[in-house]
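K.L.:
Sequence plus predicted model, see below.
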Amino acid sequence: MILRKLSFIAITVLSIGSEAKAQGLENKKPIVFIWSESVETGQRTPLGSGFVLGESGDVLTAKHVVEQFVNGERLVVSISTKSAYPVEVDMSDVDCDVTQDFCFIRIPSDVVADHISAFYTLGCYVPKADTPLMAAGFFAGGSTHSGVVTPRGSSIGGLITGGLLPTSIPLEPGMSGGPVFDESLNVIGIVKGGSSQFGHVQPLQRARSSLLNRGIECNADRKPEIKQQVVLEDDFRIGKTGLLAVTDILYFNRFADDDRVTSVLAENRLPYRLMKSNSSEKSNVVTCTKDAPFLGVKSLALDLIYAGVELQAIAPRANQRETNKVSVERYCAYKEAPPLTPDDVLNMTVCPDWQEYLAAQRCSD
């Protein structure tokens, strides 16, 4: 069903992110950013996110994202940086569900072939409580070269009014319509809305018939087996064969942590060395050496925060001669610092430099 009669839509397709592109990533992902542009003035308004479903060029997003589009504007869909390879799409290629918050926008298949090389496995099931989840999308703010962000959390319980799944994923304006992944990187829903404290997800289960009508497979009522691993920014899988698989990880055991740290390490299948600690206080930092994979460090920090560990810093290792090492412990120098938020972690790009005055204040372990 077409929402309203409009002249045309412009679609923009890009790779997955400026940082990823700079690193030479070849496996381009189908995350999209959706915005409107005034035909008369060229002024742009951010609307939301979405993702390309397959080679046919179907883009899935939220209906409320497209509903913001008005006459006198064109709709632009971008992958990775918000602003390249614009493609005009006739409104006959826009189809929104009458009763659900889903909308399909079709872009040319040759555009997909040129710019996207991997697609996601879809899961039409509702995750159980406490299932780890990750959303992907774009912030409405920032420059036109801003890349995909991937905040994470977990499902809180069963479906609520409107068939929505409540989660602890911290969201920002601009992420509505973006994909939500389970721990196996199956897309199980799209972002409905939320805040920096929580997020509501529209399960794909509610769009299963529409997907099947388009020839798109979506396993129902169960967690599907993943056929082809698609890693998003390499920051969701951090253990076993992931970014921290060969990093030396230390945990200075503290009873005050109530097994939160060991549970996170175990869930991520991260091998670690358990160290003795004389401190009765809770862990408050993740430390790293300069050569440790920092995306993995950030992912570990996010998992700890979501598990209830009140981190106050990502800090450098005290021993600067160490290499490829990460630890979870307590640094007294940060005991007065405010708790880290997921946004704080996501905005970090490198392990911080060591400062001598902090070394003198390190807790005794």
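P.N.:
Thanks, I have it. Numbers count the residues shown, from 1 in each chain.

K.L.:
What count of nearby residues applies to the closest residue in space to Val65 that isn't next to it in sequence?
P.N.:
Closest residue in space to Val65, ignoring its immediate chain neighbours: Gly48 at 3.3 Å, by C-beta to C-beta, 6 or more residues apart in numbering. C-betas here are computed from N, CA, C, even on glycine. Per other C-beta atoms under 10 Å, the neighbour tally for Gly48 reads 28.

K.L.:
Now stretch 327-346: buried residues?
P.N.:
Using 16 or more other C-beta atoms under 10 Å as the test for burial, stretch 327-346 gives Ser327, Val328, Glu329, Arg330, Tyr331, Cys332, Ala333, Tyr334, Leu340, Pro342, Val345, Leu346.

K.L.:
What's the local residue count around Ala136?
P.N.:
25.

K.L.:
Is it in contact with Gly174, as I believe?
P.N.:
No. Counting by C-beta atoms under 8 Å, Ala136 does not reach Gly174; the two are 11.6 Å apart.

K.L.:
Now the common contact residues for the two.
P.N.:
Taking C-beta atoms under 8 Å, 6 or more residues apart in numbering as the contact rule, Ala136 and Gly174 both touch Ser49.

K.L.:
ok, now how distant is the residue nearest to Val65 from Asp257?
P.N.:
38 Å (C-beta to C-beta, to the nearest Å).

K.L.:
now swap in Tyr125 and tell me
P.N.:
Counting by C-beta to C-beta, the gap from Tyr125 to Asp257 is 33 Å.

K.L.:
One more: Gly137?
P.N.:
Using C-beta to C-beta, Gly137 is found at 32 Å from Asp257.

K.L.:
Looking at these two now, which is surrounded by more residues?
P.N.:
Gly137 (29 against 23).

K.L.:
Now do the phi/psi pair for the more buried one.
P.N.:
Per-residue torsions, Gly137: phi 170, psi -170 (degrees, to the nearest 10).

K.L.:
what residues are up against it?
P.N.:
Counting by C-beta under 8 Å, 6+ apart, Gly137 touches 31, 33, 48-49, 148-149, 174-179, 191.

K.L.:
Per-residue pLDDT of it, please?
P.N.:
Listed pLDDT for Gly137 reads 85.

K.L.:
now do the one 5 residues further on
P.N.:
The model reports Gly142 with a pLDDT of 52.

K.L.:
what's next to stretch 323-330, contact-wise?
P.N.:
Stretch 323-330 has contacts (C-beta under 8 Å, 6+ apart) with 244, 246-252, 254, 261, 275, 277, 279, 281-289, 291-292, 296-297, 300, 304, 309, 317, 363, 365.

K.L.:
how about a cut-off of 6 Å?
P.N.:
247-252, 261, 279, 281, 283-284, 286-289, 291-292, 297, 317, 363 (C-beta atoms under 6 Å, 6 or more residues apart in numbering).

K.L.:
Check stretch 206-216 too.
P.N.:
With contacts defined as C-beta under 6 Å, 6+ apart, stretch 206-216 is touched by Leu53, Asp58, Gln100, Phe102, Cys124, Gly163, Cys218, Ala220.

K.L.:
if we go to 8 Å?
P.N.:
Stretch 206-216 is contacted by residues 53-54, 56, 58, 60, 97, 100, 102, 104, 122, 124, 163, 204, 217-218, 220 when judged by C-beta under 8 Å, 6+ apart.

K.L.:
what comes up buried for that stretch?
P.N.:
Neighbour-count burial for stretch 206-216 flags Arg206, Ala207, Arg208, Ser210, Leu211, Ile216 (criterion: 16+ other C-beta under 10 Å).

K.L.:
For Lys276, see how far away the third one is.
P.N.:
Distance of Arg208 to Lys276, computed by C-beta to C-beta: 52 Å.

K.L.:
try the first one
P.N.:
Counting by C-beta to C-beta, the gap from Arg206 to Lys276 is 51 Å.

K.L.:
what's the burial count for the closest residue in space to Phe104 that isn't next to it in sequence?
P.N.:
Distances taken as C-beta to C-beta, 6+ apart place Asp95 nearest to Phe104, at 4.7 Å, with adjacent residues excluded. Per other C-beta under 10 Å, the neighbour tally for Asp95 reads 18.

K.L.:
SS state for Asp95?
P.N.:
For Asp95, the secondary-structure state derived from DSSP: H, G, I helix; E, B strand; the rest coil is strand.

K.L.:
Correct me if wrong: it contacts Lys63.
P.N.:
No. Asp95 lies out of contact with Lys63 (C-beta under 8 Å); the separation is 10.2 Å.

K.L.:
Common neighbours of the two, please.
P.N.:
Common neighbours of Asp95 and Lys63 (C-beta under 8 Å, 6+ apart) are Cys103.

K.L.:
how close does the residue minimising distance to the centre of the chain get to Leu295?
P.N.:
In the chain, the residue lying closest to the centroid (C-alpha atoms, centre = their mean) is Thr150, at 1.8 Å. To Leu295, Thr150 is 10 Å away according to C-beta to C-beta.

K.L.:
Please apply the same query to Phe252.
P.N.:
In this view, Phe252 and Leu295 are 23 Å apart by C-beta to C-beta.

K.L.:
In terms of neighbours, single out the busier of the two.
P.N.:
Set side by side, Phe252 and Leu295 show more neighbours around Phe252, with 21 against 17, by other C-beta under 10 Å.

K.L.:
does that one really touch Lys282, like I thought?
P.N.:
No. Judged on C-beta under 8 Å, Phe252 makes no contact with Lys282 at a distance of 11.0 Å.
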